[in-house]
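Participant: give me coordinates for this.
(one chain, ligands or ions: 1)
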Amino acid sequence: MLSSSAQLDGFDIDLTQAPPKQWLPSNVAMHKLDAFSPLPHDLVGKYDIVHLRLFTVLMKHNNPVPLLRNLIGMLKPNGYIQWDEHDHISQKVVTADPAINPKTVQAVLDFVRPIDDMMGPRTWVSALGDIFAAQGLLRTRLYRFALPPELYRYDT
Ligand SMILES: C[S@@+](CC[C@H](N)C(=O)[O-])C[C@H]1O[C@@H](n2cnc3c(N)ncnc32)[C@H](O)[C@@H]1O
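Facilitator: So this is what the prediction gives:
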């Protein structure tokens, strides 16, 4: 539970889907930011915690380091980064109906994989813990969460 004295700043390159500020709690604000561009000076060293989620499809050249450098730049000394990501590489087919063979569904996915591969490799996700450590972050931890069945559809 966060203290009501905590200030929460949200960032996105496009704020058209963000709630209007009149509907946000007074300690929450949204700001336009291109996370891959050089960090604006007023954000440097500003935050105790920086959280990022679901950037897989946005990552260029299989390399999260330029973005991670920006996140580190936003931190106060001894601050924390939390990064939630979808591990596309570890994805596997499951079926609710035992009459449907997962291998059949996998064959369809393998058929369309070249389209997916056009985005380039995305091996960085499972290496994120090591990438954090290589950037000098301390006490890094990588937690893997399997989705509960009720969320499998969300992941298709
Ligand atoms: C897959 S969504 C994830 C949204 C949110 N983080 C979440 O977990 O629900 C990706 C978001 O990144 C934003 N985005 C795309 N390019 C960006 C950039 N260069 N800098 C910051 N945000 C960007 C998109 O506008 C979109 O809202």
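Participant: what's the distance between the residue of the chain most remote from its centre and Ile49?
Facilitator: Computed with Cα atoms, centre = their mean, the residue of the chain farthest from its C-alpha average is Ala99, at 34.9 Å. Using Cβ to Cβ, to the nearest Å, Ala99 is found at 47 Å from Ile49. Glycine gets a C-beta too; all of them are placed from N, C-alpha and C.
Participant: same thing with Met118?
Facilitator: From Met118 to Ile49 the distance is 35 Å (Cβ to Cβ).
Participant: the more surrounded of those two?
Facilitator: Ile49 (14 against 7; other Cβ atoms under 10 Å).
Participant: mind giving me the packing neighbours of the one helix or strand the more buried one maps to?
Facilitator: Under the assignment given by DSSP states H and E, the secondary-structure element containing Ile49 is strand 47-53. With contacts defined as 3 or more Cβ pairs under 8 Å, 6 or more residues apart in numbering; DSSP states H and E, the secondary structure elements packing on strand 47-53 are helix 65-74, strand 75-84.
Participant: quick one: closest of the ones you listed to Thr16.
Facilitator: Proximity of the helices and strands packed on strand 47-53 to Thr16 was assessed by Cβ to Cβ; the nearest stretch is helix 65-74, lying at 21.8 Å.
Participant: perfect, I'm done here.
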